[in-house]
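>>> Compute the structure for the input listed below.
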Amino acid sequence: MVDATAVRAVNALTARWARAAVAGQGTVFTGAGVWTLLAMLAGGSGGPARAELECALGVSADGATALGRELVEAMASMDGVDTATGLWTRQDLAIKPEWERELPSGVRGTLTGDGERDRKELDAWASRQTRGEIARMPAPVGPDTLLVLAGALLLKTTWAQPFEVGWMCPSSGPWADQSLAGLTRRTADLDGTLKVVQDTPAGPLTFSGVSGDNGLDVHLVLGGEDVSGAEVLAAGITALGQPGLSGSQLPLGDAAPGVKVAEVTGFDPRPKLVLNTPQFTVRAEHDLLRHDELFGLRSAQDATRGHFPGISTFPLAVSSGRQSMTASFSREGFFAAAVTAFALNAGGIPQQKAKLIGVSYDRPFGFLAVHRATGLVLAAGWVTEPEAGAESPFALRRPGRSPRPRPRG
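Model (predicted):
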């Protein structure tokens, strides 16, 4: 059972991220993949970082780790969705068992401090969990990395009704006169496929729902030509569950963004809808710390102190947060894979002064042989000519100098 509070909170975070992430080029991201990890971190956080994470998550930090685990488990139970969680820590970092018990089941690994060795292990995990789509763990790993918390998400669905493959050649807009790999679907279901929501912050939005065979749907969202992608996507997330005009309710003419309604003469009196879209593959890398306020991570990066007393008594600070993702929309279906990871380093470790003593007997020196129990000096001496160590293969004898004969006693 998916917690409704968590769903609202995840969608709100995703909408806010859309405003920051969508610019002039294609991108793809999963707010769900970030939210679950932030919830787990929030449960072990303290101080200003805790308050910032609560604001970003939209839920209390109390019980947030368990809520993140429950959402991961709920997603894993969905048909067509695979999830995985991994936690890697340095062997000398003591993790509080009460926090670790609240995490989803998954890999528990050890960071060796050997950056290359650790990188190979984490990369292999990311590749396994995404069927090779994400070949590298997005978070950097080095000798100073003490903890890595990562999540993988895999989505796959096959269309209940496959598309016909063809081509598209738009007559206007940024893709004008380009030959595109087109997909076409014809259906008599005007109301189940098309919805137009008129009153949104981004203006009218056109939604076309494409149903998969396992409970997953993909909704294509189009806004006005002069509206930015950030506005369209952010408003679309909110408007997705709102009522709107169905295909049968639209008037003749240019009824909505991308929608033209006309009357045609033919042999079949039944209404029909023709959906045209290009097939696509989108890949993106996201540095979550570029939007640290959005994700509640501004204070958590302050390395002069620790921010996660519920995770470890050792002071920890967030050093990296990244996400890698890919998504493909084709004739047969939809596939997406993502890996999100946070790395934590030491925080608040003072640079203390320590005494260092070096002793070198590199000139004549004396020695005493003493009886330990009584303090009796049994022998005393003075060294002026130490042995050159002629027996050692590393000893070099100076040219033209022969060893002095030792006087006999």
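
>>> Neighbours of residue 81, how many?
Neighbour count of residue 81, defined by other C-beta atoms under 10 Å: 19. All C-beta atoms are positioned from the backbone trio N, CA, C, and that covers glycine.

>>> and it, what does it touch?
If you count contacts by C-beta atoms under 8 Å, 6 or more residues apart in numbering, residue 81 has them with 75, 153-155, 216.

>>> and the closest residue to residue 234 other than its chain neighbours, how many residues sit next to it?
Once flanking residues are discounted, residue 234 sits nearest to residue 18: 4.2 Å by C-beta to C-beta, 6 or more residues apart in numbering. Residues near residue 18, counting by other C-beta under 10 Å, number 21.

>>> Am I right that residue 18 falls within a helix?
Yes. Per DSSP: H, G, I helix; E, B strand; the rest coil, residue 18 lies within a helix segment.

>>> wait, it sits on residue 228?
No. Assessed by C-beta atoms under 8 Å, residue 18 is found out of contact with residue 228, at 10.4 Å.

>>> quick one on the thing from earlier: residue 185: which of the contacts of residue 81 is nearest?
Distance ranking of those against residue 185, using C-beta to C-beta, places residue 216 first at 16.8 Å.

>>> Run through the bridge partners of residue 167.
Counting by DSSP bridges, residue 167 is bridged to residue 181.

>>> what's the distance between it and residue 335?
As judged by C-beta to C-beta, to the nearest Å, residue 167 and residue 335 stand 22 Å apart.

>>> who's more crowded, those two?
A direct count of neighbours by other C-beta under 10 Å for residue 167 and residue 335 places residue 335 higher, at 19 against 11.

>>> What strands flank the helix or strand encompassing the more buried one, and is each parallel or antiparallel?
Element membership of residue 335, judged by DSSP states H and E, is strand 333-346. Here strand 333-346 has these sheet partners by DSSP bridges: strand 147-158 (antiparallel), strand 316-329 (antiparallel).

>>> To residue 173, which of these lies closest?
Between residue 173 and those, the shortest gap by C-beta to C-beta is with strand 316-329, which sits at 19.0 Å.

>>> Buried residues, that closest one. List them.
316-329 (16 or more other C-beta atoms under 10 Å).

>>> Looking at the residues you listed, spot the one nearest residue 94.
Within the buried residues of strand 316-329, proximity to residue 94 (C-beta to C-beta) peaks at residue 316, which comes in at 11.3 Å.

>>> Please tell me how far that closest one sits from residue 189.
With C-beta to C-beta as the criterion, residue 316 and residue 189 are 53 Å apart.

>>> Just the pLDDT for the closest residue in space to residue 280 that isn't next to it in sequence.
In this structure, residue 280 finds its nearest non-sequential neighbour in residue 329, 5.2 Å apart by C-beta to C-beta, 6+ apart. pLDDT, residue 329: 91.

>>> spatially speaking, which residue is in the middle of the protein?
Closest residue to the average C-alpha location of the chain: residue 340 at 1.7 Å, with C-alpha atoms, centre = their mean.

>>> what residues are up against that residue?
Contacts for residue 340 (C-beta under 8 Å, 6+ apart) come out as 30, 33-34, 37, 138, 150-153, 288, 321-323.

>>> okay if I get those residues as CSV plus pLDDT?
Converted to CSV, the contacts of residue 340 look like this (pLDDT from 0 to 100):
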residue, pLDDT
30, 94
33, 95
34, 96
37, 97
138, 96
150, 98
151, 97
152, 97
153, 94
288, 97
321, 97
322, 98
323, 96
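
>>> okay, the host helix or strand of residue 32 in PDB with CA atoms only?
Here residue 32 is covered by helix 31-43, with elements defined by DSSP H and E. Taking C-alpha atoms only, helix 31-43 is exported to PDB below (Å, rounded to 0.1, in the frame of the first residue of the first chain):
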ATOM      1  CA  GLY A  31      12.000  12.800  -7.700                       C
ATOM      2  CA  ALA A  32      11.000   9.500  -6.200                       C
ATOM      3  CA  GLY A  33      14.500   8.200  -6.400                       C
ATOM      4  CA  VAL A  34      15.800  11.300  -4.500                       C
ATOM      5  CA  TRP A  35      13.000  11.600  -2.000                       C
ATOM      6  CA  THR A  36      13.400   8.100  -0.600                       C
ATOM      7  CA  LEU A  37      17.100   8.600   0.100                       C
ATOM      8  CA  LEU A  38      16.600  12.100   1.600                       C
ATOM      9  CA  ALA A  39      14.000  10.600   3.900                       C
ATOM     10  CA  MET A  40      16.500   8.000   5.100                       C
ATOM     11  CA  LEU A  41      19.100  10.600   5.700                       C
ATOM     12  CA  ALA A  42      16.600  12.900   7.400                       C
ATOM     13  CA  GLY A  43      15.700  10.200  10.000                       C
END
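
>>> helices and strands around it, which ones?
Identification of packing neighbours for helix 31-43 by 3 or more C-beta pairs under 8 Å, 6 or more residues apart in numbering; DSSP states H and E yields helix 4-21, helix 47-57, helix 64-76, strand 147-158, strand 316-329, strand 333-346.

>>> what is the orientation angle of it with helix 64-76?
150 degrees (axes from the mean of the first three to the mean of the last three C-alpha atoms, to 10 degrees).

>>> so residue 20 touches residue 288, yeah?
No. Contact criterion C-beta under 8 Å: residue 20 and residue 288 do not qualify, at 10.4 Å.

>>> Beta-bridge partners for residue 338, please?
For residue 338, the beta-bridge partners under DSSP bridges are residue 153, residue 325.

>>> Correct me if wrong: it contacts residue 138.
No. Using C-beta under 8 Å, residue 338 makes no contact with residue 138, being 9.3 Å away.
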